[in-house]
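S.K.: all I have is the shape, not the residue letters:
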């Protein structure tokens, strides 16, 4: 097809309208896909946050009721794959680990890095992440307990 013939085809209104509508449709479809992805990603993150917060509340209640032994007991009661997904750490007043339960394949998160890290004041909960070498992150909540101990509960975001 010669340039002159192509030029005459592009001058026709029906061809120009078809091209404009095609571009508008593709742009709208891409925008819709990006928006859907962003909304789903935010919803998944909010759900994970809620799950970790709920589990942190359970462990914090048990810690207040029965101390470290209560947390140990609750952690041993929780069996199964879904329960193993949770990281639980209790630190003393200086935030040195006194209890740690995490899945064996989480060694890449290096939970020993949490020893001695600053923690929130009593009554306040903070959210942190601990990156691994493969790009996943351990999202966890930290809370200082009334006796000065530190409770940290989290979950990996690899799902």
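M.R.: Looks like it arrived, so ask away. Because the structure is predicted, anything quoted here is derived from the model rather than measured.
S.K.: where is the longest helix in this protein?
M.R.: In the chain, taking DSSP state H as the definition, the longest helix is helix 13-77.
S.K.: return the residues in contact with residue 152.
M.R.: Residues near residue 152 by CB atoms under 8 Å, 6 or more residues apart in numbering: 87-91, 114, 140-143. For every residue, glycine as well, the C-beta is placed using N, CA and C.
S.K.: whichever of those end up buried, select them in PyMOL.
M.R.: Only the buried entries of the contacts of residue 152 go into this PyMOL selection, using 16 or more other CB atoms under 10 Å:
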select buried, resi 87+88+89+90+91+114+140+141+142+143
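S.K.: looking at the contacts of residue 152, which gets the smallest pLDDT?
M.R.: Minimum pLDDT for the contacts of residue 152 is recorded at residue 114 (82).
S.K.: go ahead and confirm that one touches residue 138.
M.R.: No: look at residue 114 against residue 138 with CB atoms under 8 Å: they stay out of range, at 9.8 Å.
S.K.: quick one: low-confidence parts of the chain?
M.R.: 1-3, 6, 10, 78-84, 103-106, 158-159 (pLDDT under 70).
S.K.: relative to residue 11, how far out is the residue of the chain positioned farthest from its centre?
M.R.: What lies farthest from the middle of the chain is residue 4; by CA atoms, centre = their mean that is 58.0 Å. Distance of residue 4 to residue 11, computed by CB to CB, to the nearest Å: 11 Å.
S.K.: with residue 124 instead?
M.R.: 69 Å.
S.K.: do the same with residue 20
M.R.: Residue 20 is 14 Å from residue 11, by CB to CB.
S.K.: same check on residue 116?
M.R.: Distance from residue 116 to residue 11, by CB to CB: 74 Å.
S.K.: neighbour count winner among the two?
M.R.: A side-by-side neighbour count of residue 116 and residue 11, using other CB atoms under 10 Å, places residue 116 first with 12 against 9.
S.K.: excluding residues flanking it in the chain, which one is nearest that one?
M.R.: Spatial nearest neighbour of residue 116, excluding adjacent residues (CB to CB, 6 or more residues apart in numbering): residue 95 at 5.5 Å.
S.K.: picking that back up, can you name every helix or strand that the longest helix of the chain contacts?
M.R.: strand 86-91, strand 97-101, strand 137-144, strand 150-156 (3 or more CB pairs under 8 Å, 6 or more residues apart in numbering; DSSP states H and E).
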